[in-house]
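Enquirer: A structural model of the following input is requested.
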Amino acid sequence: MDLLFQAVILSIIQGISEWFPVSSSGHLAIMHNIFGFQNLSFDVFLHFASIFAVILIFWKDIIKLLNIKNKENLRYIFYIAIAIIPAGIIGYLFKKQIECFFSSIFYIGIFFIISGILVYSTKFSKEKKEEISLFDSIFIGLLQAIAILPGISRSGATISSSIFRGVSKKEAVKFSFLIAIPVILGASILEFKDLTLSNISYFILLLCFFITFITSLFTIKILMKIIKSEKFYLFGVYNLVLGILILIWNFLK
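Expert: Numbers count the residues shown, from 1 in each chain. Here you go, the predicted model:
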């Protein structure tokens, strides 16, 4: 029962924190430290579940991109590919080193503060264009690679980097979520073997998949409304405060 309760809580947290710019990996790492439940493969499985919400919400855009006879679609797919390369390379080459940060409360706190500064800084950026350029995709990809670290939000880094480049918030959100699909699917494939060897039952996995998926749907819808209300930068305040609280917790332990 303890495992079921913990898994359900982690599923809800994943569904919310994956798409809000507040770092799902950071929140999951904190809960792992509280629960004493460490399973990176399960975390990746929850990310896998949450990506289906993006596919459902942006299915029209995905279907449109499948028309590769269209030069604009080909260019957009190329930009997506460029944006995911840095995260793929860093995740593959430094997998073991990155995993060490997940058990360090101190570093998680520092990374949350960095993420907070990044997201809050979008308050001072202005929209200048509707479309992503090649340089934009490179810049977004580099920041997404940094977001592999727990506490630095992937959606926060990619949306913020787009906004810094003057891309409209609507396009920034769409591009951020579309590049998440291959990144998370790739990580899921790499971790699938370890997940099958874990002691988590299929019932718990299916239940957590459903909970994460539904929670993700609601979260993405809410985020879209927040983006339209020009309040996205406030997530930076949350990250900053949480990072400071985590550091205080670390020093008081």
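Enquirer: contacts only, for residue 127.
Expert: For residue 127, the contact set (C-beta atoms under 8 Å, 6 or more residues apart in numbering) comprises 163, 166-169. Where C-beta positions appear, they are placed from N, C-alpha and C, glycine not excepted.
Enquirer: make it 10 Å
Expert: Residue 127 makes contacts with 163, 166-172, as judged by C-beta atoms under 10 Å, 6 or more residues apart in numbering.
Enquirer: from the residues you listed, which is closest to residue 224?
Expert: Of all the contacts of residue 127, residue 170 has the smallest distance to residue 224: 8.4 Å, by C-beta to C-beta.
Enquirer: tell me where the model's unsure across the stretch 51-200 of the chain.
Expert: 190-199 (pLDDT under 70).
Enquirer: the strands in the protein, which residues?
Expert: Ranges of strands within the chain: none, based on DSSP state E.
Enquirer: spatially central residue in it, please.
Expert: Nearest to the geometric centre of the chain sits residue 154, at 3.8 Å (C-alpha atoms, centre = their mean).
Enquirer: can you get me a residue count around the closest residue in space to that one that isn't next to it in sequence?
Expert: Computed as C-beta to C-beta, 6 or more residues apart in numbering, the closest residue to residue 154 that is not its neighbour in sequence is residue 147, at 4.1 Å. Neighbourhood size, residue 147 [other C-beta atoms under 10 Å]: 26.
Enquirer: read off the pLDDT value for the nearest residue to residue 46 once chain neighbours are set aside.
Expert: Using C-beta to C-beta, 6+ apart and skipping residues adjacent in sequence, the residue nearest residue 46 is residue 14, 4.0 Å away. Note on residue 14: pLDDT of 90.
Enquirer: need the contact list for residue 14.
Expert: 24-25, 27-28, 31, 42-43, 45-47, 49-50, 208, 211-212, 215-216, 219.
Enquirer: of the contacts of residue 127, which is the most crowded?
Expert: Greatest neighbour count in the contacts of residue 127, by other C-beta under 10 Å, goes to residue 172: 27 neighbours.
Enquirer: and for the residue nearest to that one when sequence neighbours are not counted, the neighbour number?
Expert: Distances taken as C-beta to C-beta, 6+ apart put residue 162 closest to residue 172, at 3.4 Å, once the chain neighbours are dropped. Neighbourhood size, residue 162 [other C-beta under 10 Å]: 27.
Enquirer: how near is the spatially closest residue to residue 28 that is not a sequence neighbour to residue 24?
Expert: Leaving aside its sequence neighbours, residue 28 sits nearest to residue 43 (C-beta to C-beta, 6+ apart; 5.2 Å). In this view, residue 43 and residue 24 are 8 Å apart by C-beta to C-beta, to the nearest Å.
Enquirer: compare those two (neighbour count), which wins?
Expert: Using other C-beta under 10 Å, the more surrounded residue of residue 43 and residue 24 is residue 24, with 26 against 23.
Enquirer: quick one, phi/psi of the residue lying farthest from the centre of the chain?
Expert: Ranked by distance from the centre of the chain (C-alpha atoms, centre = their mean), the top residue is residue 69, with 30.8 Å. Dihedral pair for residue 69: phi -70, psi -20, per degrees, to the nearest 10.
Enquirer: now do the contacts for residue 204.
Expert: Here residue 204 is in contact with 3-4, 6-8, 11, 42 (C-beta under 10 Å, 6+ apart).
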